[in-house]
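A.B. asks: I need the structure of the sequence given here:
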Amino acid sequence: MVYATDNLWYAAAAHGAWNYMQGTIFGQNVSGNNLGGSLLKFDIVGKNQLILGGAFGPEASLVTIVILIVASIMYLYYWKKKQENGVLNI
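C.D. replies: Prediction:
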C-alpha cells in the first residue's frame, strides 16, 4: 500500500480498520486476542482449523493467506508498472 499510495498513513489506517472491524464489529479474535464485546457476534461453525484460522482468528486462515498473497502480487504488478512508466523513482 505504501508504494501504491506513497503514504505510510494509508497502510496504517487500513491495518487499524481491519483489526477494528474484525474485533469490535464482527467479534472475532484479533491476533489471538478476544477483545470482548462487539456489535455483531459470529459463531464459528465447523472444525476445520486450516480454513477457519483456529483460536488465532480469521487472519490465520488459509482463505485470508491466499487473499493476501493475491493482493501482494497485484500490488507488486502495480508498483512495477508505475516504475516502468517513470512515475516511481526509488
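A.B. asks: Of all the helix elements in this structure, which one is longest?
C.D. replies: The longest helix of the chain (DSSP state H) is helix 62-84.
A.B. asks: which helices and strands does that helix pack with?
C.D. replies: helix 2-5, helix 49-52 (3 or more C-beta pairs under 8 Å, 6 or more residues apart in numbering; DSSP states H and E). Just so you know, the C-beta spots here come from the backbone N, C-alpha and C atoms, and that holds for glycine as well.
A.B. asks: ok, then the element right after the first one?
C.D. replies: Secondary structure here is assigned by DSSP states H and E; on that basis, the next helix or strand after helix 2-5 toward the C-terminus is helix 8-20.
A.B. asks: for that next one, which positions count as buried?
C.D. replies: Applying a neighbour-count criterion of 16 or more other C-beta atoms under 10 Å, one finds Asn19 buried in helix 8-20.
A.B. asks: Just the CA atoms from it would do, formatted as PDB, please.
C.D. replies: Extracted C-alpha coordinates of helix 8-20, given in PDB (Å, rounded to 0.1, in the frame of the first residue of the first chain):
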ATOM      1  CA  LEU A   8       2.500   5.200   5.100                       C
ATOM      2  CA  TRP A   9      -0.500   6.500   7.000                       C
ATOM      3  CA  TYR A  10      -2.900   4.900   4.500                       C
ATOM      4  CA  ALA A  11      -1.300   1.500   5.200                       C
ATOM      5  CA  ALA A  12      -1.500   2.100   9.000                       C
ATOM      6  CA  ALA A  13      -5.100   3.200   8.700                       C
ATOM      7  CA  ALA A  14      -6.100   0.100   6.700                       C
ATOM      8  CA  HIS A  15      -4.400  -2.100   9.200                       C
ATOM      9  CA  GLY A  16      -6.200  -0.400  12.100                       C
ATOM     10  CA  ALA A  17      -9.500  -0.600  10.300                       C
ATOM     11  CA  TRP A  18      -9.000  -4.300   9.600                       C
ATOM     12  CA  ASN A  19      -8.400  -5.000  13.300                       C
ATOM     13  CA  TYR A  20     -11.300  -2.800  14.400                       C
END
